[in-house]
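# sequence below, structure please.
(chains A and B)
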Amino acid sequence: MLQSIRPKNRVIFAYLVIPVVLYVFSVFVPLMTAGYFSFFEWKGGPNKTFIGLENYVALMKDTIFWRSFSHNIYLVIACIIGQVGIAFVFVMMLSSNLVKLKGIHRTFGFFPSTVAAVSIGFIWTMVYDYKRGILNWVLKLIGKEDIIKVWLNESALVMLLVSIPLIWQFIGYYMVILLSATSSIDKEIIESSQIDGANGFQRAVHIVLPLIKNTLLVCITLCIAGNMKVFDHIYVMTSGGPGYDSMVMALYGYTVSFGQQNMGYGSAISLGIFVISLTVIGGGQLLVTLLSKERGEKA
Amino acid sequence: MVNNKKKSGLSPASKIKNSLLYIVMNTILMVFSLSCIFPLVWMFYSSLKEKREFNADIMGLPKSPSFSNYKAIITNKDYRIFESVINSLRTTLISVILIVIFGFIVGYILSRLKFWGNRLLNLIFLMGLLIPIHSLLVPIYTVFLNTNLNNKWFTLIIPYVAFGLPIAIFLVQGFVKGIPIELEEAAAIDGSSFSRTLFGIIMPICKPILSTVAIVQVFSCWNEFSFALVLMKDRRLWTVPLAMTQFTGQFSSDYTKIMAAMLLTMLPIVVFYFAFSKQIIKGMVAGAVKG
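Next up is the predicted model:
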């Protein structure tokens, strides 16, 4: 840039100071304070006792924390298969001329992703409700009264049941992202494959899939980041219960800090979440970059 | 799956196959689309029922629709439904405006000007894209508590702006790189000051990317729950998602009232979505893919 139009340093400083201070104050200051408090036994009151690394030792041995982490991973995998997978199938269907009302599917399908997670959680609590739930209503309707239960109290089922709303909410979101990727594929490629006699399934797997691979990988990274931070849905639907059967990391940190007033340990958990999420998200992104480089030119 | 090999002169067998596919594919997509919109419809007509009527039949249409649930929600000051909508509107509006302005300024300066600390700032904002924000939930509470910033009307604006900035800056930077630098040079030769060029010339050009930023942030600020939960104890300052949680314990059996409250608080965002769905979908996709 021309030197003559470069503003003075103090002008630059004046423009940058507020956003930078806000950002550092909200992101880096909390991280550092958490680092500090994690060395204390602190129940939220005025008294703090320095206990060194004890909180971290406890964290390493905390089976509930690691179970919460495994639930996050469960949700990541369920959502990659459920959201991105189903979205891809839907996109393939939508690209067929047999399907009508494409605009409606887009607008309606995308809608849930704009609704607050709290509301989604509520709606699905009503679906799973024992006396007045839609699920039990349907079961009664088809004469399966014997399997009616208080769904969200079932330890073995609860993770599956809470992952369904999560998956359902964002299918349309990924569908629209993938649609925008497929619409940029050259029509001639598809047509020539039709002439060569490729059927719908072959086209989906061998032509469309490789061509939108990069967008698919973007979706997968979004999925990973989104499910490492899941909190609202679970808070509303089960609060992590029954017991800790649907506990996730962020909610566990919250419960320990505010439910049990154990702020020192809560700070250590926060840093644990920070490191673990960063590793998983960063690792996922690294993997994605490597994968997309392999055939970078094509996509 | 997709099958549209031929357009005319179909053999009877493939005609049957096609019509079968037609039915299957359209049904699956229709069921999905309806499932996305059905909760809204179901909640609306159920909210017009009395509690007793709903408990007797959860699916049926109301026999004598009435707005008594809405009346109860609105007239009872303890629910603070309107206050929560106002709080959410205020927080969202101010946060989004600040994110757009700050994101634009920082994004532009970082991509165009060389100065001491440029690369460092670039790095820390880029880190913001990767940092798992949710791990800050508890730490941010302790910081805000110690600085006495929690429980104020502006409290939530601080983290919302901070968390929205990295993606906004990233998107603006990408966009500004596509603007020819000659434009600014010509403006400078014509005697336009830096600030005038910034807001009078560059900002209008950046409108498409700034509206993308705004759309994405409207939804994330309006729907944000976890930080509001830890930072706002004062019920008068609760945002919409927080106000909804009061219904979990209090009268979790009174579904018709909950539905009325949910619809009332969802109204602004639902109207916004269906009025501008095309632009919103486009903006959200652009925001997601480039980010």
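# contacts and neighbour counts: CA atoms only from here.
Fine.
# what's the local residue count around residue 82?
Assuming you mean chain A. 20 (other C-alpha atoms under 10 Å in any protein chain shown).
# chain B is the one I meant
18.
# now do it against residue B:239, distance only.
Noted for residue B:82: a distance of 10 Å to residue B:239, by C-alpha to C-alpha, to the nearest Å.
# tell me who's in contact with residue A:124.
With contact set as C-alpha atoms under 8 Å, 6 or more residues apart in numbering or on different chains, residue A:124 has these partners: A:165, A:237.
# at 10 Å what do you get?
A:133-135, A:161-162, A:164-166, A:233, A:236-237, B:39 (C-alpha atoms under 10 Å, 6 or more residues apart in numbering or on different chains).
# also residue A:83?
A:77, A:164, A:166-175, A:219-220, A:223 are the contacts of residue A:83 under C-alpha under 10 Å, 6+ apart.
# swap in 6 Å and give it another go.
Residue A:83 is in contact with A:167, A:171, counting by C-alpha atoms under 6 Å, 6 or more residues apart in numbering or on different chains.
# looks to me like it is in a strand.
No: applying DSSP: H, G, I helix; E, B strand; the rest coil, one finds residue A:83 to be helix, outside a strand.
# residues of chain A that sit close to chain B?
A:5, A:22-23, A:26, A:30, A:34, A:93, A:96, A:98-99, A:105, A:108-109, A:116, A:177, A:200, A:229, A:270, A:273-274 (C-alpha under 6 Å from any C-alpha of the partner chain).
# where does pLDDT dip in the chain?
I went with chain A, as the question did not name one. Within chain A, the ranges that satisfy pLDDT under 70 run A:1-5, A:294-299.
# hm, I was asking about chain B
Using pLDDT under 70, chain B drops low at B:1-10, B:248-253, B:290-291.
# and the longest helix for it?
helix B:12-47 (DSSP state H).
# ok, and for it, which residues are buried?
Within helix B:12-47, the residues that count as buried by 16 or more other C-alpha atoms under 10 Å in any protein chain shown are B:18, B:21-22, B:25-26, B:29-30, B:32-33, B:36-37, B:39-40, B:43-47.
# how many neighbours does residue B:181 have?
Residue B:181: 13 neighbours (other C-alpha under 10 Å).
# from chain A, how far out is it?
7 Å (C-alpha to the nearest C-alpha, to the nearest Å).
# tell me which stretches of chain A form strands.
A:40-42, A:48-50 (DSSP state E).
# put together TSV for the ones you listed, with mean neighbour count on each row.
Putting these into TSV (neighbours: other C-alpha atoms under 10 Å in any protein chain shown) gives the following:
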stretch	mean neighbour count
strand A:40-42	21
strand A:48-50	14
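# which one of those lies closest to residue B:224?
Nearest to residue B:224 among these is strand A:40-42; the distance by C-alpha to C-alpha comes to 28.2 Å.
# quick one: buried residues of the longest helix anywhere in chain A?
In chain A, with assignment by DSSP H, the single longest helix is helix A:263-294. Judged by neighbour count using 16+ other C-alpha under 10 Å, the buried positions of helix A:263-294 are A:263-274, A:276-278, A:281-282, A:284-285, A:288, A:292.
# just the CA trace of stretch A:11-23, in CSV.
Taking Å, rounded to 0.1, in the frame of the first residue of the first chain, the C-alpha atoms of stretch A:11-23 are listed here in CSV:
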residue,chain,number,x,y,z
VAL,A,11,-5.0,6.4,14.2
ILE,A,12,-4.5,2.7,13.7
PHE,A,13,-4.2,2.2,17.4
ALA,A,14,-7.4,4.2,18.1
TYR,A,15,-9.3,2.0,15.7
LEU,A,16,-8.0,-1.3,17.0
VAL,A,17,-7.9,-0.7,20.7
ILE,A,18,-11.5,-1.4,21.6
PRO,A,19,-12.0,-4.6,19.7
VAL,A,20,-8.7,-6.0,20.7
VAL,A,21,-9.2,-5.2,24.4
LEU,A,22,-12.7,-6.7,24.3
TYR,A,23,-11.4,-9.8,22.6
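# returning to what we had before: and the longest helix of chain B, how far out from the chain middle?
On the basis of C-alpha atoms, centre = their mean, to the nearest Å, helix B:12-47 sits 27 Å off its chain's mean C-alpha point.
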